[in-house]
Each structure stands twice: as C-alpha cells, then as structure tokens.
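Trainee: using only what follows, build the 3D model:
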Amino acid sequence: MDLMIRGYHESDFRSVCALERENSAGDCKPEVFIRQAGVLFTDTFLVAECDGRIVGYTIGALVQHQPATGWIVRLVVAERYRRRGLGGDLVAAVTGSLRERGAGEVYLSVAPGNRVARALYERHGFRETDFCPAYFGEGGDRHILKRDLSGWEDLICRD
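Mentor: You can find the predicted model right below:
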C-alpha cells in the first residue's frame, strides 16, 4: 500500500465530502463543514492518499489559550482501508501537527458504542477524562479522551 499523509487541498474537496457522507448517519450534507474546515484548519486538516485516491482524513483544531490545547475534530477512514494501520497513522500525524503548533494536550470525543475507535485512541495514549451525556444533543453522548503531550514521544502503533 503506497500511503501518503499530506495537507488538504481544494482539489480534495469532492473526495473528502464523499468519505464524510459514507461515514455519517442520516442526511448529512458535509459540504459546508468540509469547505469551512479547509479554510479554518489549513495546517491541521490532513488527508491520507493511497495510489492517488483519498482514503481517509483527519481534522485537528488548536485552541490558543495557555497552554495551547488541540482537538481531533474528525477522523475518517474508508471502509475498505480499515484495519491496515491508516487510522493510527492519521492519529499520529494530526497529534504531531498539533504539538508542533504548541499544543500541550490533545482532546477528542468518541461515541460510547465506538469500541474500535476508542481502542485506537487508547493505543495512542489517550485516556478518558469525562463522560458527557447529550454532548451533541439527545442520543449524542460522548466520552472525552485526552492525551498529554509533555515529554511527547509518539507511540508507534500499527492497527
């Protein structure tokens, strides 16, 4: 598998929107979210490209307070590319990018039933700090996970 993780480009828009539609519940129309993320998170919106095809992406956000805090806002891997280490590569890349920009810790939210994602994040040093019922509204409960980046050496994991 010839994999490259790189920054998002405008030319990736349609491919990333298609991935988001495939991995979102309901009648999600990701175009607004993806378009705005491409503008707001230019340094931390990363795509995974395999043989010229976008097969995953992640979006990180940096909150500039002292100390700076990062968030993994979204991470998606195409169904047929899962369980090949791509999710771990994206976690490592976005976490590294956030750290380079000054984040001392990184947070994310994960649905209670998403055991696969939670295991991935835990392998990369994330630990639960909170449980938030209705975080995204009714039925949108989330576990909040955190990774401290002080003394950071990224865990090398292959999923």
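Trainee: what's the longest helix in this structure?
Mentor: helix 86-100 (DSSP state H).
Trainee: this protein: strands as residue ranges?
Mentor: 3-7, 45-50, 53-63, 69-77, 105-110, 127-132, 142-148 (DSSP state E).
Trainee: as a markdown table, these with mean neighbour count, distance to Val94 and mean pLDDT would be great.
Mentor: Yep, even glycine has a C-beta here, placed from its N, CA and C like the rest. Conversion of those to a markdown table gives the following (neighbours: other Cβ atoms under 10 Å; distance: least, Cβ to Cβ, whole Å; pLDDT from 0 to 100):
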| stretch | mean neighbour count | distance to Val94 | mean pLDDT |
| --- | --- | --- | --- |
| strand 3-7 | 14 | 9 | 95 |
| strand 45-50 | 21 | 6 | 96 |
| strand 53-63 | 21 | 4 | 96 |
| strand 69-77 | 22 | 6 | 95 |
| strand 105-110 | 21 | 8 | 96 |
| strand 127-132 | 12 | 18 | 95 |
| strand 142-148 | 18 | 11 | 95 |
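Trainee: next, format those strands as TSV and append distance to Tyr121.
Mentor: Formatted as TSV, the strands of the chain follow (distance: least, Cβ to Cβ, whole Å):
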stretch	distance to Tyr121
strand 3-7	17
strand 45-50	16
strand 53-63	12
strand 69-77	8
strand 105-110	7
strand 127-132	9
strand 142-148	5
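Trainee: which of the residues in the longest helix of the chain are buried?
Mentor: For helix 86-100, a neighbour-count test (16 or more other Cβ atoms under 10 Å) marks 86-99 as buried.
Trainee: just stretch 3-22 next, same as before
Mentor: Buried residues in stretch 3-22, counted by 16+ other Cβ under 10 Å: Ile5, Tyr8, Asp12, Phe13, Ser15, Val16, Cys17, Leu19, Glu20.
Trainee: ok, the residues you listed vs Ala78, which is closest?
Mentor: Leu19 (6.0 Å; Cβ to Cβ).
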